[in-house]
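**Q** I would like to see how this sequence folds:
(one chain, ligands or ions: 3)
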Amino acid sequence: MKIIMLGAPGAGKGTQAKMLAAKYDIPHISTGDIFRANIKNGTPLGEKAKEYMDKGLLVPDELVVDLVIDRFKNPDCEKGYILDGFPRTIPQAKALTEALEKIGEKVDFAINVEVPDENIIRRMSGRRACVGCGATYHIKYNPTKVENICDACGKELILRDDDKPETVEKRLNVYHEQTQPLIAYYTEQGILKEVDGTVDMNVVFDAIVDILGE
Ligand code: ADP
Ligand code: ADP
Ligand code: ZN
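**A** Numbering: from 1, shown residues only. Ligands and ions are numbered 1, 2, ... in the order given. You can find the predicted model right below:
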């Protein structure tokens with residue numbers, strides 16, 4: 001099963017993708033996580049990506065597409081995968097469609113997690129990310145057992161630089177301009193499904209499982 005998670009920054013794509021990956025036993029591929037890992041390790045890709053990410057802009061398509069398409073070749077992708085944060089532009093979506101067509105495959109579902117902009121700003125200021133393993137929490141909606149300490153690995157939590165309110169606003173604009181058109185693209189392909197992302201994360205999860213099947 002190949003699934004794309006669509007939605008604004010902070011809509012809950014990553015949260016849902018992790019839960020779905022565990023349920024269906026397929027990998028969760030997050031381009032944001034891949035870039036952050038590259039930044040942490042000081043790679044040339046990380047260095048380039050950081051320039052854009054810090055400004056709330058998208059990393060150029062040519063730095064993203066091959067990276068993801070190479071990732072599919074990994075044997076862990078045989079049963080499918082969940083894409084979180086990719087595609088984010090029409091050219092990325094077209095590149096994905098073409099790459100899959102070449103090997104006789106296609107995406108099964110594009111799940112759009114709907115959350116209005118007002119909620120997003122509130123959500124992002126409470127998002128915390130683990131410096132060790134990248135796990136995501138929320139100070140109010142998904143708190144850790146011990147304040148500021150990751151439940152999974154015990155390392156410290158931080159507010160991502162790009163989750164500061166000024167950058168979130170910029171990212172939302174970029175989302176509306178460059179990523180939202182994917183909703184029409186996948187509607188045309190007949191695979192778009194919408195879920196309400198404003199409700200409790202477990203309720204969102206159940207709605208997605210209803211779509212994908214047990
Ligand atoms: P969020 O979880 O808020 O949706 P991500 O972790 O997916 O954010 O992405 C963080 C940043 O990484 C984005 O703002 C963008 O700069 C960059 N990025 C991630 N995925 C892509 C992509 N597919 N195309 C271009 N830039 C990307
Ligand atoms: P995205 O990957 O779309 O950027 P995340 O999954 O990182 O979004 O979620 C953004 C923030 O909102 C995180 O702090 C997360 O814990 C929290 N969150 C996710 N889903 C919900 C929900 N349904 N209700 C409230 N908060 C949520
Ligand atoms: Zn951790």
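**Q** for the closest residue to ligand 1 within the chain, what are its contacts?
**A** Nearest residue of the chain to ligand 1: Gly32, at 2.0 Å (Cβ to the nearest ligand atom). Using the backbone N, CA and C atoms, a C-beta is placed for each residue, glycine as well. Residues near Gly32 by Cβ atoms under 8 Å, 6 or more residues apart in numbering: Gly14, Asp84, Gly85.
**Q** ok, of the residues you listed, which come out buried?
**A** Neighbour-count burial (16 or more other Cβ atoms under 10 Å) applied to the contacts of Gly32 gives Gly14, Asp84, Gly85.
**Q** in helices, which of these appear?
**A** Residues of the buried ones among the contacts of Gly32 located in helices (DSSP state H): Gly14.
**Q** among the buried ones among the contacts of Gly32, which ones lie close to ligand 2?
**A** Gly14 (Cβ under 6 Å from any ligand atom).
**Q** give me the contact list for the helix or strand of the chain with the lowest mean pLDDT.
**A** None of the helices or strands of the chain scores lower by mean pLDDT, DSSP states H and E than helix 117-126, at a mean of 92. Around helix 117-126, the neighbours that count as contacts under Cβ under 8 Å, 6+ apart are 8-11, 115, 138-141, 159, 163, 165, 168-169, 172, 198.
**Q** close to ligand 2, is the helix or strand hosting the residue of the chain closest to ligand 1?
**A** Element membership of Gly32 [criterion: DSSP states H and E] is helix 31-40. No: judged by Cβ under 6 Å from any ligand atom, helix 31-40 and ligand 2 are separated, with a smallest distance of 7.3 Å.
**Q** following that helix, which helix or strand shows up next?
**A** Once the chain leaves helix 31-40, the next helix or strand it forms, by DSSP H and E, is helix 44-54.
**Q** list the buried residues of stretch 89-96.
**A** By neighbour count with 16+ other Cβ under 10 Å, stretch 89-96 contains the buried residues Thr89, Gln92, Ala93, Ala95, Leu96.
**Q** and the residues you listed, which two are furthest apart?
**A** Farthest-apart pair in these is Thr89 and Leu96; separation 10.6 Å (Cβ to Cβ).
**Q** stretch 203-214: how far from the chain's middle?
**A** On the basis of Cα atoms, centre = their mean, to the nearest Å, stretch 203-214 sits 17 Å off its chain's mean C-alpha point.
**Q** may I see the buried residues of that stretch?
**A** Judged by neighbour count (16+ other Cβ under 10 Å), stretch 203-214 contains these buried residues: Val204, Phe205, Ala207, Ile208.
**Q** got a list of what Glu169 touches?
**A** Gly56, Ile121.
**Q** okay, it: pLDDT?
**A** The confidence metric pLDDT takes the value 93 at Glu169.
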